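Trainee: Okay, here's the prediction I keep looking at, along with the sequence it came from:
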Amino acid sequence: MNTVVAGITYRALLGRRRIILLLLLPLALIGLAVLLRVIGSDDQRSAVLLMEKFAIGTMLPLLGLIAGTGVIAPEIDDGTIIHLLSKPISRPAITRTKFLVAASLLALFAAVPTYVAVWLLVGNEDGLAPGFALGALVAGIAYAAVFLLLGIVTRHAVTIGITYALVWESLVGGFVPGAQQFSIQRWALTVADQLSDSPFLTTRVTFGFAVPALVVVTVGAVLWAGHRLRGFALTGDE
Amino acid sequence: MKIELAQVSRWYGNVVAVNDVTMTIGPGVTGLLGPNGAGKSTLLHMMAGFLAPSGGTVTLDGQNVWKNHHIYRNIGLVPEREGVYGFLTGWQFVLSAAKLHGLPDPAQAAHKALATVEMEAPKDRRVETYSKGMRQRVKVAAALVHDPDVLLLDEPFNGMDPRQRMHLMDLIRAMGAAGKTILFSSHILEEVERVAQQIEVVVAGRHAASGNFREIRRLMTDRPHLFKIRSSDDRRLAAALLLDDSTGGVTLGPDGLEVQASELRRFARLLPRVARAEGVHLQQVSPADEDLESVFSYLITRST
C-alpha cells in the first residue's frame, strides 16, 4: 500500500461531484427501505427481495464498476497515470493500492448502507443484516478486483462491465442454472445465507464453492491487473 | 549515464513507426529532430520504458529499460500529453513526485524543483487553473525533483511563450553542462540548434542523420535547392545558367523558371553575375523547397 498513490486515487474518486455518483445508489437503497417501512412491508420477505434485486443485484455491481474502473481507467485515459508509473515503484504495488482504495470505497458505500437498509426493515432478526452486509462486502471486494482489471485491460471497461453485471449475472443467471455457479452476486447471497437463519433466503451455490471462488477471482484479478500494468504501453499520437 | 538503442524497431500492425534505429545518447544535450509523425515520440517512449521495442534493445547503462521500474531512480520524464492531475495544486503535484521517489526530504526537494522552473509563486493554485506553459513547467519540476541523471522531454517547448521557452532552454543547457544526459524531441530545427550539442534526425521512422548542429546545418544547405525565378527574359537567363555546373536543371514554364541548384553557394554567386552579363532583370528569386519537410525528405533519400 503506497499512501501517496492511495491519497491521489481517493481525491480523484471522491473529489467534487464524483462522490455524488457513489452516494446516489446507497441513498436510494436506504430510501427504499424507509419507504417499505412506512407502508408497513417491513418484513423478512421484503428485506430479502430488496437485497437480492436491488442491493446485491443492482447497486453492488454498479458501485463496483464505478469504484473499480474509477480508480485507474480515467487516469489511463487522460495520461495522468504516467505520473505514478514513471516512479521507482513496482507496478503490481500500484495496482494493489488501487485495489485497496476501490475495496474500501465499496465497504463504505455498499456494505454499510446494506446493513443499514436491512436493519431498518427487520432489525437484527435471524442475522439478516450482518449476513447481507458481509455478502455485500466480499462481493464488493471481488467486483473491485474484477473491474480494476477490466479498467486496465480495455478502454471499454464500463460497457463491458455493465454488460457483464446486468446481462450475465441478472439475465443469463436467471435462466441458465449453470451460469449461477459463476456469478459474484450468487456467491454474495451464499455468504449472506451462511450468517442468516432466515427461511426467505435460499441459495443455489454451496458455501464450499462460493468462498474459494471469491478468493480465486479476487486474488487472480489483482495479480493479473498488476501483470498487465507492468506491460503498460503508451501509444503515441503518431 | 548512457541510453543505448541497438537495432530498435517498433511496428503497430503493418505500420512501421521506428525502423532499425541504432544510437547512443550520452551526457550533454541531445535533440531528437524530425517532422511530425516521424517516430520521435515512439522512440522516446521506448527509451522511457513506456513501450516495448518490437525488435532490438533499449538499455540504460546496460540495464534493460522495458518492465524495469528501477530505471526511474535515474530517469526524469516529461511527457508531451498533459498528464497532470488538475485537482492537485502545483505544490501537491511536485511533492507527490518527491514522495513517490521516496526522497529523504520531499518538501525541500519539491521547493527546490519548483524554484528551478520559477513556479514558486503560483504553486498553491490548482493545476487546472494553469496556462499550458505553466503546466509544462510543473511537469518539468516533477521530473527534476529527484535530481535524475537522465532527463527525457517530449516536445517540451510546445505551448510555451518565448520567455518561458528561453528559460527552459537555459535550464536544459545548464543541466547538460553539468553532465546530465538530456534528450528532447522537437520538429523545429532552430529550437534544437539553440540547445542541443548533438542532433539526431529521425525521418519516417529511420535514423536519417546524426551530428552537431554545424554538421546538420551543412547537410541541409549542401543539398540541391530548387528556386523559382522570374525575370525580364526567362529563356535567355535559362540558357546562360545552364552553362555552369552549379545548375542542375532548368524548367521553363509560363510562371517563370524553376532552377535546380546543385551547389547552393556557387549558384548564389552565379545568378546575379549571369543576369548582369546577359542584361536580364531579375524580378523574383524564391526558394521553392525551404520548408523542413523537403529538407527531411532529402535526408531520407540520401540515407537510403
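Mentor: Arrived safely.

Trainee: which residues of the stretch 101-250 of chain B score low on pLDDT?
Mentor: Applying pLDDT under 70 to the stretch 101-250 of chain B picks out residues B:221-222.

Trainee: Spell out which residues of it are next to chain A.
Mentor: B:H101, B:G102, B:A142, B:A143 (CB under 8 Å from any CB of the partner chain). Any C-beta I mention is one placed from the backbone N, CA and C, and that applies to glycine too.

Trainee: Quick check, the second one in contact with A:P88.
Mentor: Read that as B:G102. Yes - between B:G102 and A:P88 a contact is recorded at 7.3 Å, counting by CB atoms under 8 Å.

Trainee: host element of A:G68?
Mentor: Using DSSP states H and E, A:G68 sits within helix A:60-70.

Trainee: Most neighbours out of the residues of the stretch 101-250 of chain B next to chain A, which is it?
Mentor: Neighbour counts for those were taken using other CB atoms under 10 Å in any protein chain shown; the highest belongs to B:A142, with 30 neighbours.

Trainee: Might you report the residue contacts of the residue nearest to that one when sequence neighbours are not counted?
Mentor: Leaving aside its sequence neighbours, B:A142 sits nearest to B:A97 (CB to CB, 6 or more residues apart in numbering or on different chains; 4.0 Å). Residues counted as contacts of B:A97 (CB atoms under 8 Å, 6 or more residues apart in numbering or on different chains) are A:H83, A:K87, B:A110, B:A142, B:A143, B:V145, B:H146.

Trainee: now do 7 Å
Mentor: Contact analysis of B:A97 by CB atoms under 7 Å, 6 or more residues apart in numbering or on different chains lists A:H83, B:A142, B:V145.

Trainee: What are the buried residues along the lengthiest helix in chain A?
Mentor: Longest among the helix segments of chain A by residue count, using DSSP state H, is helix A:128-153. Across helix A:128-153, burial judged by 16 or more other CB atoms under 10 Å in any protein chain shown covers A:128-129, A:131-152.

Trainee: Show me which residues of chain A sit near chain B.
Mentor: Listed as neighbours of chain B in chain A under the rule CB under 7 Å from any CB of the partner chain: A:4, A:8, A:11-12, A:15, A:79-80, A:82-84, A:86-91, A:230-231, A:233-234, A:236-238.

Trainee: Please repeat the previous calculation with a cut-off of 10 Å.
Mentor: Residues of chain A lying close to chain B (CB under 10 Å from any CB of the partner chain) are A:2-5, A:7-8, A:11-12, A:15-16, A:75, A:78-94, A:230-238.

Trainee: Buried subset of those, written for ChimeraX?
Mentor: A single ChimeraX command is used to select the members of the residues of chain A next to chain B judged buried by 16+ other CB under 10 Å:
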select /A:2,4,5,7,8,12,75,80,81,82,83,84,85,86,87,88,89,91,92,94,230,232,234,236,238
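
Trainee: Could you report the distance from the closest residue to A:S170 other than its chain neighbours to A:A188?
Mentor: For A:S170, ignoring the flanking residues on the chain, the nearest one in space by CB to CB, 6+ apart is A:G57 at 6.1 Å. A:G57 is 10 Å from A:A188, where distance means CB to CB, to the nearest Å.

Trainee: and the two? which has more neighbours close in?
Mentor: Higher neighbour count among A:G57 and A:A188: A:A188, with 32 against 20, using other CB under 10 Å.

Trainee: give the contact list for that one.
Mentor: A:51-52, A:55-57, A:60, A:114, A:131-132, A:134-140, A:142-143, A:203, A:205, A:210, A:214 (CB atoms under 10 Å, 6 or more residues apart in numbering or on different chains).

Trainee: State the next helix or strand along the chain beyond whichever strand or helix holds it.
Mentor: Assigned by DSSP H and E, A:A188 belongs to helix A:184-195. With elements assigned by DSSP H and E, the helix or strand that comes after helix A:184-195 is helix A:207-230.

Trainee: In PDB, please show the C-alpha coordinates belonging to that following helix.
Mentor: Coordinates of each C-alpha in helix A:207-230 appear next as PDB, following Å, rounded to 0.1, in the frame of the first residue of the first chain:
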ATOM      1  CA  PHE A 207     -20.700 -22.200   0.600                       C
ATOM      2  CA  GLY A 208     -17.800 -24.600  -0.100                       C
ATOM      3  CA  PHE A 209     -17.800 -23.300  -3.700                       C
ATOM      4  CA  ALA A 210     -18.600 -19.700  -3.200                       C
ATOM      5  CA  VAL A 211     -15.800 -18.900  -0.800                       C
ATOM      6  CA  PRO A 212     -12.900 -20.400  -2.800                       C
ATOM      7  CA  ALA A 213     -14.400 -18.900  -5.900                       C
ATOM      8  CA  LEU A 214     -14.500 -15.400  -4.400                       C
ATOM      9  CA  VAL A 215     -10.900 -15.800  -3.200                       C
ATOM     10  CA  VAL A 216      -9.600 -17.100  -6.600                       C
ATOM     11  CA  VAL A 217     -11.400 -14.400  -8.600                       C
ATOM     12  CA  THR A 218     -10.300 -11.600  -6.300                       C
ATOM     13  CA  VAL A 219      -6.600 -12.600  -5.900                       C
ATOM     14  CA  GLY A 220      -6.400 -13.700  -9.600                       C
ATOM     15  CA  ALA A 221      -7.800 -10.400 -10.900                       C
ATOM     16  CA  VAL A 222      -5.500  -8.300  -8.700                       C
ATOM     17  CA  LEU A 223      -2.400 -10.300  -9.700                       C
ATOM     18  CA  TRP A 224      -3.400 -10.200 -13.400                       C
ATOM     19  CA  ALA A 225      -4.000  -6.500 -13.200                       C
ATOM     20  CA  GLY A 226      -0.600  -5.900 -11.800                       C
ATOM     21  CA  HIS A 227       0.900  -8.000 -14.500                       C
ATOM     22  CA  ARG A 228      -0.900  -6.100 -17.200                       C
ATOM     23  CA  LEU A 229       0.100  -2.700 -15.700                       C
ATOM     24  CA  ARG A 230       3.800  -3.900 -15.900                       C
END
